[in-house]
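J.: how would this look folded up:
(2 chains)
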Amino acid sequence: MDNFDHILLFKTNINCAADKRFLCAVFDCNIDVEQWTVDLEDEDCVLRIVSYTLTHKHIIELLNYHGYACCELT
Amino acid sequence: MRTRNIDKVQLVKQKAIELIVKNGLEGFSMNKLAKACNISVATLYIYYQDRDDLIIKVAVEEGRLMSDAMIKGFDPDLPFEQGLRIQWENRYQYMIANPVMALFFDQLRSSSYQQEFLSSFLKSFQAIVGKFMHNIIERGEIEAMPFEVYWSVAFAPLYNLIRFETEGRSVGGKPFKMTNEILWTTFDLVVKALKKQ
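T.: So this is what the prediction gives:
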């Protein structure tokens, strides 16, 4: 059976192309991030990160620091 | 540890198709799907990257299933009537067993997902069906004609009967129930129309 503990999910307020560009700048060159996507069409603006090393706390602190709302999607 | 539950994945697919058929692609969202499946939105995002990813994966998988069902037991080297009969049988069985899929594929047809949907199976499917058409023309069983002409004569009557059957009505709202006799009488007329005399 597959293990999905490396998929980190967040409810955010990232909802426009400019916000997405910020994520590109932060995550595209981050070697700890295998893959990331944000669903701009979703009402929870779900951010999905695949990482075997980062935790929810890391990402929440990072986005909060840059002024974005971000909490774990459960 | 979060694990993939096969039944849940199947439920997600089934409900996604139902919701898209009922509300259209525009009215479809991950939140509505999660509610319909009685699971959390987070669970959906474990399985799929986002809404687009979900729609494309469901469409591609269903396209492959449809394609496999349509060419089951079919050999492009078969004689014309025998080969066409298997295709009619396969298409009829698939459409009757999966009435909602025709409506789902209709939704995709006019959307940006159509290309990816088609590319999942069209190449191998067209190769087989195309080879069959090439063979029957080369053997002189039917006249050479554009593919669209062949398809329209060979399959449009079948799909029209299936539509009557699904809707339970024919022209002018007249009640309709498909029978083997109606199906295969129509088939015989199609064979007669296409077969070189």
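J.: which residues in the chain form helices?
T.: Using chain A here. Taking DSSP state H to define them, one finds helices in chain A at A:17-27, A:56-65.
J.: ah, no, chain B please
T.: Using DSSP H, helices in chain B cover B:6-23, B:30-37, B:41-47, B:51-70, B:80-97, B:99-109, B:114-119, B:122-138, B:147-167, B:180-194.
J.: returning to that earlier point: reformat the helices of chain A as a markdown table; add mean neighbour count and mean pLDDT.
T.: Where you see a C-beta, it was placed from the backbone N, CA and C, and this is true even at glycine. As requested, the helices of chain A are exported to a markdown table (neighbours: other Cβ atoms under 10 Å in any protein chain shown; pLDDT from 0 to 100):
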| stretch | mean neighbour count | mean pLDDT |
| --- | --- | --- |
| helix A:17-27 | 14 | 92 |
| helix A:56-65 | 15 | 95 |
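J.: wait, residue B:33 sits on residue B:12?
T.: Yes. Counting by Cβ atoms under 8 Å, residue B:33 touches residue B:12, with 6.9 Å between them.
J.: next, count neighbours for residue 13.
T.: Since no chain was named, I'll use chain A. 13 (other Cβ atoms under 10 Å in any protein chain shown).
J.: that's the other chain; I wanted chain B
T.: Close neighbours of residue B:13, defined as other Cβ under 10 Å, add up to 17.
J.: roughly how far apart are it and chain A?
T.: For residue B:13, the distance to chain A equals 17 Å [Cβ to the nearest Cβ, to the nearest Å].
J.: gap between that residue and residue A:31?
T.: 34 Å (Cβ to Cβ, to the nearest Å).
J.: of all the helices of chain A, which one is nearest residue B:178?
T.: Among those, helix A:17-27 comes nearest to residue B:178, with 51.0 Å by Cβ to Cβ.
J.: near chain B, anything from that closest one?
T.: No. Judged by Cβ under 8 Å from any Cβ of the partner chain, helix A:17-27 makes no contact with chain B; its nearest approach is 12.0 Å.
J.: which outside residues touch the longest strand anywhere in chain A?
T.: Ranked by residue count, the top strand of chain A under DSSP state E comes out as strand A:7-12. For strand A:7-12, contacts defined as Cβ atoms under 8 Å, 6 or more residues apart in numbering or on different chains pick out A:38, A:44-51, A:54-56, A:59-60, A:63, A:68-73, B:2, B:42, B:45-46.
J.: starting at the chain centroid, how far to it?
T.: 5 Å (Cα atoms, centre = their mean, to the nearest Å).
J.: got the angle between that strand and helix A:17-27?
T.: 140 degrees (axes from the mean of the first three to the mean of the last three Cα atoms, to 10 degrees).
J.: thinking again about what came up before, what do residue B:33 and residue B:12 both touch?
T.: B:44, B:54.
J.: break chain B into its domains for me.
T.: What automatic domain parsing lists as the domains of chain B is B:1-48, B:59-194.
J.: in chain B, which residue is most central in space?
T.: residue B:66 (5.1 Å; Cα atoms, centre = their mean).
J.: about what we covered before: any of the contacts of strand A:7-12 buried? List them.
T.: Among those, the ones that count as buried by 16 or more other Cβ atoms under 10 Å in any protein chain shown are A:38, A:44-49, A:51, A:54, A:59-60, A:63, A:68, A:70, A:73, B:42, B:45-46.
J.: how far away is the nearest residue to residue A:54 once chain neighbours are set aside from residue A:51?
T.: Closest residue to residue A:54 apart from its sequence neighbours, by Cβ to Cβ, 6 or more residues apart in numbering or on different chains: residue A:32 at 5.1 Å. In this view, residue A:32 and residue A:51 are 5 Å apart by Cβ to Cβ.
J.: residue B:177 too?
T.: For residue B:177, the distance to residue A:51 - Cβ to Cβ - is 57 Å.
J.: could you do residue B:71 as well?
T.: 42 Å.
J.: excluding its backbone neighbours, what's nearest residue 60?
T.: You didn't say which chain, so I picked chain A. residue A:70 (5.0 Å).
J.: meant chain B, my bad for not saying
T.: residue B:120 (4.0 Å).
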